[in-house]
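1. Return atomic coordinates for the entry below.
(chains A and B)
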Protein chains: 2
Amino acid sequence: MQQMSGACGGYPNVSIALLHHPVYDKNRQVVHTAVTNLDIHDIARSARTFGLSRYYLVTPIPGQQELAGRILRHWQEGWGATYNPKRKAALELVRVADSLDDVLAEMEVRFGRPAKLVTTGARIHPRNVTFGRLTELMGVREQPYLIVFGTGWGLTEEVFDRADMVLEPIKGPGEYNHLSVRSAAAIIMDRLFGVR
Amino acid sequence: MQQMSGACGGYPNVSIALLHHPVYDKNRQVVHTAVTNLDIHDIARSARTFGLSRYYLVTPIPGQQELAGRILRHWQEGWGATYNPKRKAALELVRVADSLDDVLAEMEVRFGRPAKLVTTGARIHPRNVTFGRLTELMGVREQPYLIVFGTGWGLTEEVFDRADMVLEPIKGPGEYNHLSVRSAAAIIMDRLFGVR
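-> Below you'll find the predicted structure:
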C-alpha cells in the first residue's frame, strides 16, 4: 500500500482520467476523439492545483499516445522544463493509458485495493451522488477513487454502467449547460477539493 | 436603462472581459497576448452556462480583432451555426473591444450608470472581496458589474489600481496555484453564480 503522505494537504487517493474512447460523437456514435494540447495542460494544471495524485490520458490509438508523449516530454525534459517549471510540475501527474481497464488495474496495484469509479456528465442520473457527499467519502484516504471525464459528446452508457457513483451535474441558473470538458473538470475539482 | 429581464434566472447585470492588453509576460513586461480559439469558446460557454450578459474580448491589435471576428462569424453565420447551435448561443455573448475603457464606456451607455470593475488574479490583495460577498452584491440587479480576467502572466497593477473590488484568489489544498485562465474563469463563475 502506497503511503498516503499528502505533504501539501492534497488527495493522494484521488486520480482523474480523460477518456478519448469510448465516448459519443454528436450523433451518439461511439468514437475515438483526438488528444488535444490544451486538454492535457489545462486539466493537469487543475489537478496539480487541487492536490490530486494522477491524471490519466486514455486513448488506445498508438499515434495519439505518441503525440501525447511528445507534448509531455517537451515540458518535462525539453526546453519547456527550464522555461516553465510550474508547467513541468503539473505535467508530472500525467500518465498515458490504453484503456479504462488498464488505469483501474494500475491503481489496484498501486493502492492494494480497487479504486471506486466515479463518472461525470451533464445529465441527471438515477445513481447521482452530490458534490458534498463525494467530498466526504474521499476524505477517507485509504480508499482510492478515479473520477472520469469524457471528451466529445460524453462518456458512453457502458462507462456509466460500470461506475460505483455518478457525480451530479454542474448547474448554472438557466437551462443551458454546455461547458467544455476543461471547464467542467476545473469546476468539479474546485467543488470537490477547493478551499473556501 | 436596459430592462433586466433575466428570463432564465441569470445575471443580466454582469459581464466579463478577457484582456489581451495590458497584461504581464513571464518577466513582468507589459505585453499584448494573442487571441486563442479556445479562450473564446471555453469562456463563452461558461458565461452562457452561468447566465451572464456579455463576454468582451479586449485587444487593440487590428489583426487580432480580425481573427476573433472570423472565428465568431464561422460559428454564428457560417457552417458552424447549423452544425452546432449550442455553440452559436454561447458565442452570441462575445463582443470584440479595443480597450477596457471602451468596454466600460459601452456598459455605461447600456445600463445608464457606470459598471463596478472587479479584477481577478492568483495573489492575495489588500482590497480582496470574498466570493460570497460579491455574489450578494451582484444580486442587486440595478448595478452593472464587469469581471476582468488577464491572459499571459496576469493583469497589470494599473488595472488592479482602477478596480472597485479585487476578487479573492482561488485556493486548492496546497501552495500550487497555476490554473489556466479558462479554468480560473470557469471556477470563478461557478463560485459566484453556480447553483448547488
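2. rest of the way, CA atoms for contacts and neighbours
-> Noted.
3. Tell me which residues of stretch A:47-55 come out buried.
-> Of the residues in stretch A:47-55, A:47-55 count as buried by neighbour count, 16 or more other C-alpha atoms under 10 Å in any protein chain shown.
4. As a markdown table, those residues with distance to chain B would be great.
-> Putting the buried residues of stretch A:47-55 into a markdown table (distance: C-alpha to the nearest C-alpha, whole Å) gives the following:
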| residue | distance to chain B |
| --- | --- |
| A:47 | 9 |
| A:48 | 7 |
| A:49 | 5 |
| A:50 | 5 |
| A:51 | 6 |
| A:52 | 10 |
| A:53 | 13 |
| A:54 | 15 |
| A:55 | 15 |
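5. Okay, and residue A:38 sits in which element?
-> helix A:37-49 (DSSP states H and E).
6. try residue A:66
-> Once you assign secondary structure using DSSP H and E, residue A:66 falls within helix A:62-76.
7. can you check residue A:89 too?
-> helix A:85-91.
8. Check which helices and strands that helix sits against.
-> Under the contact definition 3 or more C-alpha pairs under 8 Å, 6 or more residues apart in numbering or on different chains; DSSP states H and E, helix A:85-91 sits against helix A:37-49, helix A:62-76, helix A:79-83.
9. Point to the helix or strand of chain A where mean pLDDT is at its lowest.
-> Using mean pLDDT, DSSP states H and E, the weakest-scoring helix or strand in chain A turns out to be helix A:79-83, at a mean of 80.
10. Run through the neighbouring helices and strands of it.
-> When contacts are defined as 3+ C-alpha pairs under 8 Å, 6+ apart, helix A:79-83 packs onto helix A:62-76, helix A:85-91.
11. JSON lines please, covering the ones you listed and showing mean neighbour count and mean pLDDT.
-> Shown next, in JSON lines, are the helices and strands packed on helix A:79-83 (neighbours: other C-alpha atoms under 10 Å in any protein chain shown; pLDDT from 0 to 100):
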{"stretch": "helix A:62-76", "mean neighbour count": "16", "mean pLDDT": "94"}
{"stretch": "helix A:85-91", "mean neighbour count": "20", "mean pLDDT": "91"}
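12. what's in contact with the least confident helix or strand of chain A?
-> For helix A:79-83, the external contacting residues (C-alpha atoms under 8 Å, 6 or more residues apart in numbering or on different chains) are A:74-75, A:87-88.
13. do stretch A:162-170 as well
-> For stretch A:162-170, the external contacting residues (C-alpha under 8 Å, 6+ apart) are A:116-125, A:127-131, A:134, A:160, A:177, A:184, A:188, B:194-195.
14. ok, 6 Å please
-> Outside of stretch A:162-170, the residues that reach it under the criterion C-alpha atoms under 6 Å, 6 or more residues apart in numbering or on different chains are A:116-123, A:127-130.
15. buried subset of those?
-> Applying 16+ other C-alpha under 10 Å to the contacts of stretch A:162-170, the neighbour count classes A:116-122, A:128-129 as buried.
16. which two in the residues you listed are spaced the farthest apart?
-> In the buried ones among the contacts of stretch A:162-170, the most distant members under the criterion C-alpha to C-alpha are A:116 and A:122, with 20.2 Å between them.
17. list the buried ones in the helix holding residue A:38?
-> Of the residues in helix A:37-49, those with enough neighbours to count as buried (16+ other C-alpha under 10 Å) are A:39-49.
18. could you give the mean pLDDT of whichever helix or strand comes after it?
-> For helix A:37-49, the following helix or strand on the C-terminal side (DSSP H and E) is strand A:55-58. Strand A:55-58 carries an average pLDDT of 98.
19. Check which helices and strands strand A:55-58 is in contact with.
-> Using 3 or more C-alpha pairs under 6 Å, 6 or more residues apart in numbering or on different chains; DSSP states H and E as the contact criterion, the elements in contact with strand A:55-58 are strand A:14-19, strand A:94-97.
20. so which of these gets nearest residue B:151?
-> strand A:94-97 (24.3 Å).
21. Please identify the buried residues of the helix or strand following the closest one?
-> The element immediately downstream of strand A:94-97 (helix or strand, assigned by DSSP H and E) is helix A:100-111. By neighbour count, and taking 16+ other C-alpha under 10 Å as the criterion, the buried residues in helix A:100-111 are A:100, A:103-104, A:107, A:111.
22. Stretch A:174-184 too?
-> By neighbour count with 16+ other C-alpha under 10 Å, stretch A:174-184 contains the buried residues A:174, A:176-184.
23. quick one: contacts of it?
-> Residues lying outside stretch A:174-184 but in contact with it, judged by C-alpha under 6 Å, 6+ apart, are B:8, B:42, B:45-46, B:49, B:183, B:186.
24. Mind doing that once more with 8 Å?
-> Residues lying outside stretch A:174-184 but in contact with it, judged by C-alpha under 8 Å, 6+ apart, are A:39, A:42-43, A:122, A:149-151, A:170-171, B:8-10, B:42, B:45-46, B:48-51, B:86, B:182-183, B:186-187.
25. Next, the distance between the ends of that stretch.
-> Between the start and the finish of stretch A:174-184 there is a gap of 16 Å, counting by C-alpha to C-alpha, to the nearest Å.
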